[in-house]
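1. Sharing a model prediction with you, sequence too.
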Amino acid sequence: MGGVASAQADTEHLRGTVTKVAGATITIQATDNQTRTITIDPKAMIMRGNAHLTVRDVKVGDRVVLDVDRTGSVATGVELETAAAAPASRAPQSQPPSAQPSQAESQQRDHTQTPAQGWQSMQDGILFGTFNRQGSPRGDKEFVAQNWYMGMLMRKMGTGMLTLNGMFSLDPATVGKSGYAEIFQAGEALGGRPLIDRQHPHDLFMQLAGVWRIPVTDKTGFTVAGGPAGEPALGPVAFMHRASAAENPTAPLGHHTFDSTHISYGVMTAAVDHGPWVVEGSLFNAREPDEDRWNLDFGALDSVSGRVWFRPNDEWEFQGSTGFLKQPEELEPGNLVRTTFSGSWFRRREMDFTAIAAGYGVNHKDQGNHAGFFTEATWHRGMNSVYGRFEAQQPEISLLLTDAIIDTPETRALRGTVLALTVGGVRDFVHTHGFELGLGGNVSFYGVPDVLQTGRGFCGTTSCVLGAGYGSSPVSFHIFLRVRPPAPMGRMWNMRMSQPMLGHSMTTEHKAPALARGFPNALE
């Protein structure tokens, strides 16, 4: 066997001692006494025990196990061992006796790193303390604190992997029943009336779900997922999990065109993945949560959706999805058919990353079709982030103007597209014990269709309503403090419910790409 522990598919497992480090290129003396020069891939997962490291943590004298690609010169995964992990005769002479771990420490390292021997855990979250000032005569100003926390557990179960997801928010207390001000936003109800120009708060229980993936072959797997709270196979990654929206405290205007089902109280999903393709289908309860945000709003699983993902490499992913939503709105009768397409690109180099996403979606309703488009990006370098979002959204015009549901031929004929451009940035000023604190702000500029610029009256079957306009060019802004908790396993970016915690593959050779795509390894 020599220095090669095993060879499977396109990966060689190489064990040795680091003798030289030059940037991302290391020289090792393998256990067969051969000298090898290896370049560590920028997307490689680098670990010591349960800790994720960067290439800067690799030092001369370290004992390493490398996953080397078919060229024999690039490492796609790196595990740093302590001297006691190898036979004593091979221990580096420079290693002091005090650095030798105890047997209990070695057992703990093995326990936390190997899913087959126990649970692995992961967490992420965010808190925005936000001063919000919305422009136009219909705007508002306020201080709110949007937040969410998510935890995951994973372990081997039978021939597959079990992942348990829990996601929670205290928005009902820190934001309030009416949510936060956001002009042109609509989609839910409060007190028997439509909630207009405000983004609703998230529920306490955002996700309570389990995922079990069973490998069928080296390239194919079958996944079942579901729970009392979760998301169906519909739409792009929900906005709070998109790396391209990681620093933006506000929901997109197209939230109810793309990803409003990310909190569905009752979901069952099945998926098949093969190479770069994933095909998913869901049965779920599509009814919007009610205004009591502290409970679970169960309903019949009478809605259905399907989604196809294509990932040509670790940086790009595309999805197309469609779903039938039965009676989703509390105040507006009728069903809805939603169709979405999206693509995203995510590249990271150690602690820096660039993420871009774009999507098109349309809601088909009896009262008419309403489409939306978005593109957004986040650029992070060192302690600084810059982000932006552009949207073109077709709202329900009469709903925005009157705060009432008036379905007449006149209101159905009203059409218009709202344009919104947001640019912002965040400067991190504290990184301590895994916590990340940053100060940020953004400004939003709007293009308003003529029909929404001035007030207008509408008459229904029993009464008439006069609505106020938004003006021609409103401007909104936010100033916020952003706090993230420690995330030793990386941030939960580009996450979705039916994805196992460590990606689609159960083998080490595929962990690094999966983590690089959704769970960066060098943030701590």
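-> In hand now; what should we look at?

2. if I look at the residue lying closest to His370 once chain neighbours are set aside, how far off is Leu400?
-> Closest residue to His370 apart from its sequence neighbours, by C-beta to C-beta, 6 or more residues apart in numbering: Gln394 at 4.6 Å. For every residue, glycine as well, the C-beta is placed using N, CA and C. Computed as C-beta to C-beta, to the nearest Å, the Gln394 to Leu400 distance reads 11 Å.

3. between those two, which one's more packed in?
-> Leu400 (25 against 20; other C-beta atoms under 10 Å).

4. As CSV, could you dump the C-alpha coordinates of the helix or strand where the more buried one lies?
-> Remark: Leu400 resides in helix 397-402, with elements defined by DSSP states H and E. What follows is helix 397-402, C-alpha atoms only, in CSV (Å, rounded to 0.1, in the frame of the first residue of the first chain):
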residue,chain,number,x,y,z
ILE,A,397,-52.2,46.9,-8.4
SER,A,398,-55.7,47.3,-6.8
LEU,A,399,-54.5,45.5,-3.7
LEU,A,400,-51.6,48.0,-3.2
LEU,A,401,-53.8,51.0,-3.8
THR,A,402,-56.8,50.1,-1.7
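
5. if we can go back for a sec, need phi/psi at the residue nearest to His370.
-> Dihedral angles of Gln394 (phi, psi; degrees, to the nearest 10) stand at phi -100, psi 100.

6. That one: what's it in contact with?
-> The contact partners of Gln394, by C-beta atoms under 8 Å, 6 or more residues apart in numbering, come to 370-372, 415-418.

7. Tell me how far the closest residue to Leu419 other than its chain neighbours lies from Gly221.
-> For Leu419, ignoring the flanking residues on the chain, the nearest one in space by C-beta to C-beta, 6+ apart is Gly447 at 3.3 Å. Going from Gly447 to Gly221 by C-beta to C-beta gives 45 Å.

8. now do Glu12
-> Distance, Glu12 to Gly221, using C-beta to C-beta: 23 Å.

9. just Ala270 next, same as before
-> Here Ala270 is placed at a distance of 12 Å from Gly221 (C-beta to C-beta).

10. Arg348 and Met45 touch, don't they?
-> No: in this structure, Arg348 is not within contact of Met45 by C-beta atoms under 8 Å, at 11.8 Å.

11. These two: which is more packed in?
-> Neighbour totals were compared for Arg348 and Met45, and Met45 leads with 25 against 22 (other C-beta under 10 Å).

12. That one against Gly77, yeah?
-> Yes: Met45 is in contact with Gly77 according to C-beta under 8 Å; the separation is 5.3 Å.

13. Show me how far stretch 337-345 is from its chain's centre.
-> 15 Å (C-alpha atoms, centre = their mean, to the nearest Å).

14. export that stretch as PDB, just CAs?
-> Extracted in PDB, the C-alpha atoms of stretch 337-345 (Å, rounded to 0.1, in the frame of the first residue of the first chain):
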ATOM      1  CA  VAL A 337     -49.900  27.600 -10.100                       C
ATOM      2  CA  ARG A 338     -46.300  28.800  -9.500                       C
ATOM      3  CA  THR A 339     -43.400  28.300 -12.000                       C
ATOM      4  CA  THR A 340     -39.800  29.500 -11.300                       C
ATOM      5  CA  PHE A 341     -36.400  29.300 -12.900                       C
ATOM      6  CA  SER A 342     -33.200  30.400 -11.300                       C
ATOM      7  CA  GLY A 343     -29.400  30.100 -11.400                       C
ATOM      8  CA  SER A 344     -26.600  30.900  -9.000                       C
ATOM      9  CA  TRP A 345     -22.800  31.100  -9.000                       C
END
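
15. Tell me where the protein has helices.
-> All helices of the chain, identified by DSSP state H, fall at 103-113, 171-174, 255-258, 397-402, 409-413, 450-453, 508-518.

16. So which elements touch the fourth one?
-> Using 3 or more C-beta pairs under 8 Å, 6 or more residues apart in numbering; DSSP states H and E as the contact criterion, the secondary-structure elements in contact with helix 397-402 are helix 450-453, strand 456-459, strand 464-467.

17. what do you get for the second one?
-> Counting by 3+ C-beta pairs under 8 Å, 6+ apart, the packing neighbours recorded for helix 171-174 are strand 141-157.

18. Looking at Gly447 and Gly221 now, which is surrounded by more residues?
-> Neighbours were counted for Gly447 and for Gly221 using other C-beta under 10 Å; Gly221 has more, 21 against 13.

19. In this structure the more buried one contacts Pro215, no?
-> Yes: at 4.9 Å, Gly221 and Pro215 qualify as touching, with contact defined as C-beta under 8 Å.

20. Spatially nearest residue to Met495, not counting backbone neighbours?
-> Nearest one to Met495, counting by C-beta to C-beta, 6+ apart, is His241 at 4.4 Å.

21. Which pLDDT value belongs to the one you found?
-> Here the pLDDT value assigned to His241 is 95.

22. the strands in the stretch 1-150 of the chain, which residues?
-> 4-8, 11-22, 25-30, 35-48, 51-53, 63-68, 74-81, 120-133, 141-157 (DSSP state E, counting those that start in this stretch).

23. Can you give the distance from the fourth one to the centre of its chain?
-> Distance of strand 35-48 from the chain centroid (C-alpha atoms, centre = their mean) equals 26 Å.

24. List the strands paired with that strand, with their directions.
-> Strand 35-48 has these partner strands in its sheet, going by DSSP bridges: strand 25-30 (antiparallel), strand 51-53 (antiparallel), strand 74-81 (parallel).

25. just those: most buried one?
-> Among the strands paired with strand 35-48, strand 74-81 has the highest mean neighbour count (mean count of other C-beta atoms under 10 Å), at a mean of 22.

26. So what are the structural domains in this protein, by residue number?
-> Residue ranges for each domain of the chain read 4-92+106-113, 115-518, as given by automatic domain parsing.

27. Mean pLDDT lowest where, among those domains?
-> Ranked by mean pLDDT, the domains of the chain bottom out at domain 4-92+106-113, which scores a mean of 72.

28. So Ala358 sits against Thr375, correct?
-> Yes: counting by C-beta under 8 Å, Ala358 does reach Thr375; the two are 4.0 Å apart.

29. Return the alpha-carbon coordinates of stretch 232-241 using PDB.
-> C-alpha atoms of stretch 232-241 as PDB (Å, rounded to 0.1, in the frame of the first residue of the first chain):
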ATOM      1  CA  PRO A 232     -41.400  21.800  -0.600                       C
ATOM      2  CA  ALA A 233     -39.500  21.300  -3.800                       C
ATOM      3  CA  LEU A 234     -40.500  24.700  -5.300                       C
ATOM      4  CA  GLY A 235     -38.500  27.800  -6.100                       C
ATOM      5  CA  PRO A 236     -34.900  28.800  -5.600                       C
ATOM      6  CA  VAL A 237     -33.100  28.500  -2.300                       C
ATOM      7  CA  ALA A 238     -35.000  30.700   0.200                       C
ATOM      8  CA  PHE A 239     -33.700  34.200   0.400                       C
ATOM      9  CA  MET A 240     -32.300  34.000   3.900                       C
ATOM     10  CA  HIS A 241     -30.100  31.100   2.900                       C
END
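
30. Fine, thanks again, bye for now.
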